[in-house]
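Q: Got a sequence here, can you model it:
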Amino acid sequence: METIEKALEFEKRKLSFKTTSDRILASREAKELILDLNEIYKKKKDAKIMDIMKRLTKIKQKIEKRLKGRPLTAA
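A: Okay, the predicted model is just below:
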């Protein structure tokens, strides 16, 4: 249950990661939470846990998209 609480707290946290290192840490934390939740989900098969994992995955994808940046376009 502690993992679920951590995941909900991470989700509610303001997502304005100012530096690249902040984004990297946030991405790693999200990945760790998702994997932990997945282990719980395998045992309980609770749809609420799956919903939390999906929301965290979306947040993680946004962070990673921001880390990779935009491709340079020819001017």
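Q: so where's the protein uncertain?
A: Applying pLDDT under 70 to the chain flags the ranges 70-75.
Q: pull the longest helix from it.
A: helix 20-44 (DSSP state H).
Q: Can I get the helix or strand following that helix in PDB, CA atoms only?
A: Using DSSP states H and E, the helix or strand that follows helix 20-44 in sequence is helix 47-68. Output of helix 47-68 as PDB, limited to C-alpha atoms (Å, rounded to 0.1, in the frame of the first residue of the first chain):
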ATOM      1  CA  ALA A  47      -8.200  -2.200 -12.000                       C
ATOM      2  CA  LYS A  48      -7.500   0.800  -9.800                       C
ATOM      3  CA  ILE A  49      -3.800  -0.100  -9.800                       C
ATOM      4  CA  MET A  50      -3.800  -0.500 -13.500                       C
ATOM      5  CA  ASP A  51      -5.300   3.000 -13.900                       C
ATOM      6  CA  ILE A  52      -2.600   4.500 -11.700                       C
ATOM      7  CA  MET A  53       0.100   2.700 -13.800                       C
ATOM      8  CA  LYS A  54      -1.400   4.100 -17.000                       C
ATOM      9  CA  ARG A  55      -1.400   7.700 -15.600                       C
ATOM     10  CA  LEU A  56       2.200   7.400 -14.400                       C
ATOM     11  CA  THR A  57       3.200   6.000 -17.700                       C
ATOM     12  CA  LYS A  58       1.700   9.100 -19.400                       C
ATOM     13  CA  ILE A  59       3.600  11.400 -17.100                       C
ATOM     14  CA  LYS A  60       6.800   9.400 -17.700                       C
ATOM     15  CA  GLN A  61       6.400   9.700 -21.400                       C
ATOM     16  CA  LYS A  62       5.900  13.400 -21.200                       C
ATOM     17  CA  ILE A  63       9.100  13.800 -19.200                       C
ATOM     18  CA  GLU A  64      11.000  11.600 -21.600                       C
ATOM     19  CA  LYS A  65       9.700  13.500 -24.600                       C
ATOM     20  CA  ARG A  66      10.900  16.700 -23.000                       C
ATOM     21  CA  LEU A  67      14.300  15.100 -22.300                       C
ATOM     22  CA  LYS A  68      14.800  14.100 -25.900                       C
END
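Q: Understood, closing this out.
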